[in-house]
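**Student:** 3D model of this:
(chains A and B)
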2 protein chains.
Amino acid sequence: MKALFIREKYSRLAYHRFPRTTAQFLRSAENQKWNVEDEILPDMCPCPREGEDPYTTEGIPDDLNYSLQMKDGIVYVYDDAEALKQQQPHSLPYPDLETFAIDLSHVLAMIVDGPTKTYCYRRLNFVASKFYLHEMLNEMAELKELKGVPHRDFYNVRKVDTHIHAAACMNQKHLLKFIQTTYKTEADRVVLEKGGQMITLKQVFDTLAMDPYDLTVDSLDVHAGRQTFHRFDKFNSKYNPVGASELREIYLKTDNYIKGEYFARIIKEVAHELEESKYQHAEPRMSIYGRSPDEWESLASWFIQHKVHSPNMRWIIQVPRIYDIFRSKNIIQNFAKLLENIFLPLFEATVNPQKNKEIHVFLKYVTGFDSVDDESKHSDHMFSYKSPKPEEWTSGENPPYSYYLFHMYANIMVLNNLRKERGLNTFQFRPHCGEAGSITHLVSAFLTADNISHGLNLKKSPVLQYLYYLAQVPIAMSPLSNNSLFLEYSKNPLKEFLQKGLCVSLSTDDPMQFHYTKEALMEEYAIAAQLWKLSTCDTCEIARNSVLQSGLSHQEKKHFLGANYLQDGPDGNDIRRTNVAQIRMAYRHETLCNELSFLVELLGQCWKGQC
Amino acid sequence: MKALFIREKYSRLAYHRFPRTTAQFLRSAENQKWNVEDEILPDMCPCPREGEDPYTTEGIPDDLNYSLQMKDGIVYVYDDAEALKQQQPHSLPYPDLETFAIDLSHVLAMIVDGPTKTYCYRRLNFVASKFYLHEMLNEMAELKELKGVPHRDFYNVRKVDTHIHAAACMNQKHLLKFIQTTYKTEADRVVLEKGGQMITLKQVFDTLAMDPYDLTVDSLDVHAGRQTFHRFDKFNSKYNPVGASELREIYLKTDNYIKGEYFARIIKEVAHELEESKYQHAEPRMSIYGRSPDEWESLASWFIQHKVHSPNMRWIIQVPRIYDIFRSKNIIQNFAKLLENIFLPLFEATVNPQKNKEIHVFLKYVTGFDSVDDESKHSDHMFSYKSPKPEEWTSGENPPYSYYLFHMYANIMVLNNLRKERGLNTFQFRPHCGEAGSITHLVSAFLTADNISHGLNLKKSPVLQYLYYLAQVPIAMSPLSNNSLFLEYSKNPLKEFLQKGLCVSLSTDDPMQFHYTKEALMEEYAIAAQLWKLSTCDTCEIARNSVLQSGLSHQEKKHFLGANYLQDGPDGNDIRRTNVAQIRMAYRHETLCNELSFLVELLGQCWKGQC
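**Tutor:** Predicted coordinates for the structure are as follows:
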């Protein structure tokens, strides 16, 4: 219960979502009444309507003339220069590292507590067995319900690819064809500048001693295989077509000599396919590294110049955890600088959009942040409130996962409150978490994340798994990606999580590296459905979860899931849109209520001294 | 060795293929020299060239004025009525049931012989371990070879879907859309006649109380799922859209009121997609039941009238093993009648094509026969030379699997010899075998089949598995189909068979029931590649096997695999066409030679009395 209270607190602070049912039980445990007015919801920009210009700079809000300053790695907002001098920040919730560290240590203590582990383990076993019973009893009834739904089936329910990297969002064959086409039509175009020398596409391939016509997916060599299992380093190098970083630079970057034109074109081709499919959406991740403060400007202007917006895409910014690399190259001097490069431009664009028009427009289509890198890398440092402040973090060592997460969360939280005040859209924090490495990553994310990608390590901690269930933290899972990197398909816990009622969705991660067919997301669903013998109701439940988890706007979710989607249980489900049986919805809702009511009851007994 | 000699004999008789390497070793065991001139090869019609009319009735051979008569379930050919009276058949090899029964019992005895089992089990383990070593040593070298091949990769090597049923060759979404389209444009068309009453499409759906616009893949209900596992009966009923046999009649039959127009149209849409893909081919199976002698005429005229031929398709005739059903309905009086209905029209069309023009033309695109039904059904009868002759088989009981196989083989064998004499194309016998049921099925097929579908039960008999390896009997495997019907994906032996060097290919069986994406064959390959972590060389080897196994013509195989494809080992491989590494080809060839040379050596010692 305490862990749930903690997550609720951090969710409310950051405009992250928290499930109604769980909130209602928390209120009842406090002998309070839950009010719908108290609910905190994120704000996402609705998709521009047909005919509307998505890149319009009209109606941009005025300059607030606020002052900004980074302190302890967090951007503080001041009403004016005077307030800055006086160090009286604008009234916004700022995070408190000490409280956070205490909260974190509380949850850390819980997950190793023996009796808690037993309790959670048994409850998880119970809900798994209960679902098995539910299935045996109601499988045919669910199917009958679905058969009765006119015009809606698995193919035309909305599905969001909740975790996909933009630089690998096309499949290998697509990239290959694209490279061949550019070579055929624009061989003499200057595409690179190296040491003042202009290099054409033809020269690039001449240097590589290669004719693109002869290029194959084998020589392109971007597909993951047996060689990449437990080798994240090898996997990362798969982003270089033909092993040549020049080609990555030309085709998969936004800030190159051709101003990211090729990359924009290929992404728009992917977007076009999504629009054609109509029912598929994606949330591609673009990188902001924190290397320099003008990355945002460059990315936003790429986005607008090439008109990359698509109604079937929303954008997520991924921040690679590679401070150590920039530090070793002397690009930055401390960790605070990295954070400043990432977040200050966002605060500036929020305070004074007029001066940062392109960033302001781009941010309408950005719905969240991701934190990415190989989680299996070990860190010697243990994050606590005694850890060096970001300004003091000058060593060449990379800060640990939790340190990254706290500082990203803290800035997003302040930023969201500032943006909410201005009536602008907010952002969700959606880090990669629990793909590998320490179990503590999942504790940090339990506090700081709206939802996570992967979550495999929940397998290893019954307490955390039960908490993720009770708080219905969405998890974007990519079993095909895991299969090539960290965990064999047959050992993937997705099916088990789904049975227990965790809020899981399916995503592709990197179609370029992992998928074979033209429809990567459908391939992901097809394999899961085949291998785990999922029913239509199962796959449609996963698809519904993906929409819930996504950064799509309230309006879109209403359209895709039903007008009452914010309500839990069958009342919130419009079967004509989701194709999820009401029997299933009722089962999930009753089971969650049952688990929560146990806790509330036990807690009441404890307070009365009966336990 | 004896088993190999037996298979070779039956292969030669029927113009089935037998691998050169194995034949060479057999000759050396007899102290003879193998001659390329002695090689028996099937004859397949080359695909009509661009601009040629595939349905032309020009140049059809003349009537031979032969007489035909079925005796003991086998069609005998006589030079004229006089010869028939004298019972002096035309000089063709006719099968001898007694010899066959003896040969069959020999192989049956081998597979239960203790020492033989041990030997084969150990050799199979040996070749599996050897491949594992090969992989560890040569994986990167193979990959390097493939990377060096210009313009050829997994996507553009030829793949043949070696086992697919025409009535389920479209995916469920495709069928759904097709039904909706016909309803939209032709609702008032008469599509059925029932008791003299004309029924329009609209009336059909009105009777079903259903608006096709509201139809979904759920209500269509043709997809296999958890419910079909070990329930072949339930699976069979999935061929009825919406559970309504009327819709199967209208959309998936050739001999209905609309003369199979819809079925032809949908198959042509599938063919069009294959042609678009360029590198994918399919060998759909159409049914001939043996219910009446005019089935062939009807099927051939459907084929020609609707111009169903596609350069990317070849046709296989499947004969369901359902004598018992026809007998119980009194449609036929004995088993011989069923065989007569199936085979006599083919002999007639071969002897007098002028009188059977349509069948003659259609047969150019038919490359083989299949025997289909649920193998797990038990039969009380034990096939032997004492079994009742087909004319005497008048009981309601269904003959056993081996009885069907022998009589189909026997007729195909005589027919092939007759056709070869006339310079016409021959047929291959490619039964479903070893999907379930008794292990003896695989023994019968070892004698009678050119290649088989499924072969799962080879898992259970090391002797048979080793024999299938030594004789390189091609096996079309469909792990996704098995996964829904008989064997979980993770337990499928495909990977193991491939490692050991059995000649396996991948096929879809029934995209309508099993697959999710638009590209069923690619889905099948993708899942196998992902789940078993197959290398590109592995998948391309499977694709190469599929072309070898197929009924494509010699000309096409030369084009797709290389001019020397009939040679074994690296010499027969054109890596620029197959994308299979020469290292792999050499490994396979050396391993097979090694296994065969052991046997020949041992045999030599035995003959010298040294063992």
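**Student:** got the buried residues for stretch A:437-457?
**Tutor:** For stretch A:437-457, burial by neighbour count (16 or more other C-beta atoms under 10 Å in any protein chain shown) applies to A:437-457. (C-beta placed from N, C-alpha, C; glycine too.)
**Student:** likewise for stretch A:7-18?
**Tutor:** Buried-residue list, stretch A:7-18, by 16+ other C-beta under 10 Å: A:7, A:8, A:10, A:11, A:12, A:13, A:14, A:15, A:16, A:17, A:18.
**Student:** hang on, the last one in a strand?
**Tutor:** When you say that, I think you mean residue A:18. No - assigned with DSSP: H, G, I helix; E, B strand; the rest coil, residue A:18 falls outside any strand and is coil.
**Student:** which strand or helix spans the closest residue to it other than its chain neighbours?
**Tutor:** Nearest residue to residue A:18, sequence neighbours excluded (C-beta to C-beta, 6 or more residues apart in numbering or on different chains): residue A:11, at 4.4 Å. For residue A:11, the enclosing helix or strand under DSSP states H and E is helix A:2-13.
**Student:** could I have that helix exported to PDB, CA atoms only?
**Tutor:** Extracted C-alpha coordinates of helix A:2-13, given in PDB (Å, rounded to 0.1, in the frame of the first residue of the first chain):
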ATOM      1  CA  LYS A   2       2.800   2.300   0.900                       C
ATOM      2  CA  ALA A   3       4.500   1.700  -2.400                       C
ATOM      3  CA  LEU A   4       1.200   2.500  -4.200                       C
ATOM      4  CA  PHE A   5       0.800   5.800  -2.200                       C
ATOM      5  CA  ILE A   6       4.400   6.700  -3.200                       C
ATOM      6  CA  ARG A   7       3.800   5.900  -6.900                       C
ATOM      7  CA  GLU A   8       0.600   7.900  -6.800                       C
ATOM      8  CA  LYS A   9       2.400  10.900  -5.400                       C
ATOM      9  CA  TYR A  10       5.000  10.900  -8.100                       C
ATOM     10  CA  SER A  11       2.500  10.300 -10.800                       C
ATOM     11  CA  ARG A  12       0.400  13.300  -9.700                       C
ATOM     12  CA  LEU A  13       3.400  15.500  -9.500                       C
END
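**Student:** which residues touch it?
**Tutor:** Residues from elsewhere that reach helix A:2-13 (C-beta atoms under 8 Å, 6 or more residues apart in numbering or on different chains): A:16-18, A:22-23, A:26, A:40, A:93, A:95, A:103, A:106-107, A:110, A:409, A:413, A:417, A:446-448, A:450, A:467, A:470-471, A:473.
**Student:** selection in PyMOL covering whichever of those residues are buried, please.
**Tutor:** In PyMOL, selecting the buried portion of the contacts of helix A:2-13, with burial taken from 16+ other C-beta under 10 Å, looks like this:
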select buried, chain A and resi 16+17+18+22+23+26+40+95+103+107+110+409+413+417+446+447+448+450+467+470+471+473
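**Student:** now do stretch A:176-195: distance to the chain's middle.
**Tutor:** Centroid separation for stretch A:176-195 versus its chain: 33 Å, with C-alpha atoms, centre = their mean, to the nearest Å.
**Student:** so for that stretch, what gets flagged as buried?
**Tutor:** Quick answer for stretch A:176-195 (16+ other C-beta under 10 Å): A:176, A:177, A:178, A:179, A:182, A:183, A:186, A:187, A:191, A:192.
**Student:** in strands, which of those residues appear?
**Tutor:** A:191, A:192 (DSSP state E).
**Student:** quick check, nearest of the buried residues of stretch A:176-195 to chain B?
**Tutor:** For the buried residues of stretch A:176-195, the residue nearest chain B by C-beta to the nearest C-beta is residue A:176; the value is 8.1 Å.
**Student:** residue A:218 is in contact with that closest one, correct?
**Tutor:** No - assessed by C-beta atoms under 8 Å, residue A:176 is found out of contact with residue A:218, at 10.0 Å.
**Student:** do a quick rundown of the strands in the stretch 1-150 of chain A.
**Tutor:** For the stretch 1-150 of chain A, the strands defined by DSSP state E, counting those that start in this stretch cover A:67-71, A:74-78.
**Student:** tell me the strands beside the first one, with direction?
**Tutor:** I take that to be strand A:67-71. strand A:74-78 (antiparallel) (DSSP bridges).
**Student:** which stretches of the stretch 301-450 of chain A form helices?
**Tutor:** Remark: helices assigned in the stretch 301-450 of chain A by DSSP state H, counting those that start in this stretch are A:323-328, A:335-351, A:357-363, A:401-422, A:440-448.
**Student:** what's the fourth one packed up against?
**Tutor:** Helices and strands in packing contact with helix A:401-422 are listed as helix A:2-13, strand A:74-78, helix A:97-112, helix A:335-351, strand A:366-372, strand A:428-429, helix A:440-448; criterion 3 or more C-beta pairs under 8 Å, 6 or more residues apart in numbering or on different chains; DSSP states H and E.
**Student:** return the most buried member of the ones you listed.
**Tutor:** Stretch with highest mean neighbour count among the helices and strands packed on helix A:401-422: helix A:440-448 (a mean of 26; mean count of other C-beta atoms under 10 Å in any protein chain shown).
**Student:** packing partners of that one?
**Tutor:** For helix A:440-448, the packing partners by 3+ C-beta pairs under 8 Å, 6+ apart come out as helix A:2-13, helix A:97-112, helix A:401-422, strand A:432-433, helix A:462-470.
**Student:** 10 Å instead?
**Tutor:** Applying 3 or more C-beta pairs under 10 Å, 6 or more residues apart in numbering or on different chains; DSSP states H and E, we find helix A:440-448 packed against helix A:2-13, helix A:97-112, strand A:366-372, helix A:401-422, strand A:432-433, strand A:452-454, helix A:462-470.
**Student:** quick one: mean pLDDT for the fifth one?
**Tutor:** Looking back up the chat, that one is strand A:432-433. Average pLDDT, strand A:432-433: 98.
**Student:** strands paired with it, and their directions?
**Tutor:** Assessed with DSSP bridges, strand A:432-433 is paired to strand A:452-454 (parallel).
**Student:** so how far is the helix or strand bottoming out on mean pLDDT in chain A from its chain's centroid?
**Tutor:** Every helix and strand of chain A was ranked by mean pLDDT, DSSP states H and E. The lowest is helix A:232-237, at a mean of 85. Chain-centre distance of helix A:232-237: 21 Å, with C-alpha atoms, centre = their mean.
**Student:** do any residues in it lie close to chain B?
**Tutor:** No - with C-beta under 10 Å from any C-beta of the partner chain as the criterion, chain B is not reached by helix A:232-237; the gap is at least 12.3 Å.
**Student:** I'd assumed residue A:41 was in contact with residue A:17.
**Tutor:** Yes - if you go by C-beta atoms under 10 Å, residue A:17 and residue A:41 touch, sitting 6.8 Å apart.
**Student:** find residues that contact each of the two.
**Tutor:** Taking C-beta atoms under 10 Å, 6 or more residues apart in numbering or on different chains as the contact rule, the neighbours common to residue A:17 and residue A:41 are residue A:566.
**Student:** if we can go back for a sec, give me the angle between the helix holding residue A:11 and helix A:440-448.
**Tutor:** 60 degrees (axes from the mean of the first three to the mean of the last three C-alpha atoms, to 10 degrees).
**Student:** and helix A:2-13 with helix A:97-112, angle?
**Tutor:** Orientation check (the same axes, to 10 degrees): helix A:2-13 against helix A:97-112 gives 140 degrees.
**Student:** list the buried residues in the lengthiest helix in chain A.
**Tutor:** In chain A, taking DSSP state H as the definition, the longest helix is helix A:114-147. Under the neighbour-count criterion of 16+ other C-beta under 10 Å, helix A:114-147 has A:116-117, A:119-120, A:123-124, A:127, A:130-131, A:134-135, A:138-139, A:142-143, A:145-147 buried.
**Student:** of those, list those near chain B.
**Tutor:** Within the buried residues of helix A:114-147, those near chain B by C-beta under 10 Å from any C-beta are A:135, A:139, A:143, A:145, A:146, A:147.
**Student:** and the two most separated of those?
**Tutor:** Across these, the longest distance by C-beta to C-beta is 17.3 Å; it joins A:135 and A:147.
**Student:** residue contacts, the residue of the stretch 251-400 of chain A found nearest chain B?
**Tutor:** Closest residue of the stretch 251-400 of chain A to chain B, C-beta to the nearest C-beta: residue A:277 (10.6 Å). Residue A:277 makes contact with A:155, A:156, A:159, A:312, A:519, A:521, A:522, according to C-beta under 10 Å, 6+ apart.
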